[in-house]
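# Here is a sequence together with a model predicted from it:
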Amino acid sequence: MNSKMTSLLVVDDDPVFTLFIRQLLLSLAEELPCRVDCAESAEAGLEQILRNRFDLALVDYHLPGVSGLELLAQIRSLPLEQQPAVVMLTGSGNEAVAVEAMKRGAKDYLKKNDVDVPSLMRALQSALAQKRLAEQVAAYNAEIKADLEMAHKLQESLLPQSYPSFPRTATAENSALRFQHRYFWTTQLGGDFFNVQHLSDTKAGVLICDVMGHGVRSALVTAMLRALVGDLGKHANDPGRFLAEMNRKLAAILKQIEEPLYATAFYMVADVAAGQMRYAKAGHPAPLHLRCQAGIVEPLPFPSHAGAALGLFEKHDFITSQRPLAVGDRILLFTDGLFEVPNAADEDYGTDRLLAAARQRLNLPLAGLLDGLIADVRAFAGGNDFGDDVCLLGMEVARIAGSG
């Protein structure tokens with residue numbers, strides 16, 4: 001015997017039929033014990049549903065005033081936990097009404113002239129089973145949503161909340177190297193990551209990564225990369241070695257799963273004492289070098305075989321390049337979500353437009369430069385938004401050691 005009492009509401013203006021249903025339910029008491037309430041109109045039925053919780057509702061299609069289908073719509077607008085599972089009662093031969101009721105959310109239907117113990121039992125049990133499944137799915141989805149919200153907050157905490165100063169004792173305004181970033185999520189969990197390390201009072205280690213795909217998998221790889229940054233401190237002054245060790249460790253982890261995963265990355269050591277930057281990349285878009293004093297904006301140059309994405313090959317070399325840094329120079333690091341944005345003609349914004357937009361804004365403050373680039377991409381895209389996570393990081397050289 002089912003020990004749980006099922007609450008049932010019969011919404012029907014025919015007292016004879018209501019009594020008939022009560023009698024049938026008495027015969028089902030062993031298998032489906034019910035507490036039965038009745039209402040003679042849709043308005044009275046809705047009032048009872050709002051006041052009490054019902055597991056099931058038998059609703060007649062023909063009701064005075066508001067119809068059974070309208071009552072069904074009102075029930076479906078309630079919070080899930082307040083919705084009874086509805087079985088629609090129809091006249092004989094009224095299949096169209098039954099089909100419409102099922103489309104609008106009824107769990108089953110019964111022809112009033114054909115109702116008997118087996119058909120009533122079947123309809124009520126089917127409706128109950130569907131209601132419980134819907135509640136389980138809703139509870140599961142709520143748990144997943146809460147987990148994703150927590151994961152999003154944790155992932156946000158992995159991103160730098162502030163930047164180090166160079167030297168460490170300098171204020172942010174007086175730092176020899178200054179930073180700004182813009183980050184846009186397209187889903188709750190992102191695959192883009194960046195980090196700025198204080199290597200010495202004159203050196204910064206700057207990393208940007210973009211993990212393949214979206215969602216939980218890419219977020220987990222992002223978290224791994226964040227952990228690896230802390231483990232690779234002894235290699236932080238050598239960009240090529242830094243990426244090689246990061247790749248080796250990441251590939252060793254990823255080879256244990258069947259589906260391919262990888263991350264692109266760029267790592268730079270900016271040295272204001274030497275007036276130079278040393279850098280290497282792993283399949284990542286080339287950052288832009290804005291040489292403001294010379295009025296030149298260009299991508300950083302790389303050898304033809306600079307390095308494959310992280311995680312693809314466990315043993316792989318990454319070439320370190322170097323380039324002078326001068327006062328006023330800016331380096332723009334970004335993930336491909338910034339420029340792989342289509343317009344109405346399905347044409348991507350592309351790196352050439354990004355280069356031109358940076359040239360047009362060469363003399364803006366760093367924050368204005370970043371905002372201007374984002375605005376330019378969005379204007380090009382029109383109604384399209386970013387289809388991938390976007391990370392844009394700007395570094396500005398405010399002072400070279402000994403330059404005053």
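Noted; the coordinates are in hand.

# which element follows the longest helix belonging to the chain toward the C-terminus?
Selection of the longest helix in the chain by residue count, based on DSSP state H, yields helix 117-158. Remark: after helix 117-158, the chain's next helix or strand is strand 177-184, criterion DSSP states H and E.

# Partner strands of that next one and their direction?
Strand 177-184 has these partner strands in its sheet, going by DSSP bridges: strand 390-397 (antiparallel).

# Distance-wise, check Q276 relative to Q322.
Computed with Cβ to Cβ, to the nearest Å, the distance linking Q276 and Q322 is 6 Å. For every residue, glycine as well, the C-beta is placed using N, CA and C.

# And the helix or strand bottoming out on mean pLDDT in the chain, what's buried?
Least confident helix or strand of the chain, by mean pLDDT, DSSP states H and E, is helix 215-231 with a mean of 79. Neighbour-count burial for helix 215-231, counted by 16 or more other Cβ atoms under 10 Å, picks out R217, S218, A219, L220, V221, T222, A223, M224, L225, R226, L228, V229.

# just curious, which of those residues is nearest to T169?
V229 (23.9 Å; Cβ to Cβ).

# The closest residue to the closest one other than its chain neighbours in helix, strand or coil?
Leaving aside its sequence neighbours, V229 sits nearest to N195 (Cβ to Cβ, 6 or more residues apart in numbering; 5.4 Å). Classification of N195 by DSSP: H, G, I helix; E, B strand; the rest coil places it in strand.

# N195 contacts G230, doesn't it?
No. Using Cβ atoms under 8 Å, N195 is not in contact with G230, being 9.5 Å away.

# joint contacts of those two?
With contacts defined as Cβ atoms under 8 Å, 6 or more residues apart in numbering, no residue is shared by N195 and G230.

# nearest spatial neighbour of G68, skipping sequence neighbours?
Counting by Cβ to Cβ, 6+ apart, G68 lies nearest to Y61, which is 4.1 Å off, once chain neighbours are set aside.

# ok, now how distant is the one you found from F17?
When distances are taken as Cβ to Cβ, Y61 and F17 turn out to be 13 Å apart.

# Then Q125?
Distance of Q125 to F17, given as Cβ to Cβ: 21 Å.

# What of G328?
Separation of G328 from F17 (Cβ to Cβ) stands at 87 Å.

# Check A227 too.
68 Å.

# Run through the stretch 101-250 of the chain and note the low-pLDDT ranges.
Along the stretch 101-250 of the chain, the parts satisfying pLDDT under 70 run over 151-152, 155, 157-158, 186-190.

# change it to 90
Low-confidence segments of the stretch 101-250 of the chain (pLDDT under 90): 101-105, 108-114, 131-132, 134-162, 172-173, 183-193, 211-233, 250.

# Show the contacting residues for T351.
T351 makes contacts with P285, P299, F339, as judged by Cβ under 8 Å, 6+ apart.

# Need the buried ones from the residues you listed selected in ChimeraX.
The ChimeraX selection below is limited to those of the contacts of T351 classed as buried (16+ other Cβ under 10 Å):
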select :285,339
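
# mind listing which of the contacts of T351 are in helices?
Residues of those located in helices (DSSP H): none.

# Please flag which of the contacts of T351 sit within strands.
Per DSSP state E, strands hold the following members of the contacts of T351: P299.

# In TSV: the contacts of T351, plus pLDDT.
As requested, those are exported to TSV (pLDDT from 0 to 100):
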residue	pLDDT
P285	94
P299	96
F339	93
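
# Quick check: beta-bridge partners of D108?
V87.

# For Q136, see how far away it is.
Remark: distance between D108 and Q136 (Cβ to Cβ) = 19 Å.

# Have a look at these two and say which one is more surrounded.
Using other Cβ atoms under 10 Å as the criterion, D108 and Q136 rank with D108 on top: 20 against 10.

# show me what contacts the more buried one?
Contacts of D108 by Cβ under 8 Å, 6+ apart are V87, M88, M102, R122, A123, S126, A127.

# is it true that Q125 touches C34?
No. With contacts counted by Cβ under 8 Å, Q125 stays clear of C34, the gap being 11.8 Å.

# Neighbour count: those two, which is higher?
It is C34, of Q125 and C34, that has more neighbours when counted by other Cβ under 10 Å, with 19 against 16.
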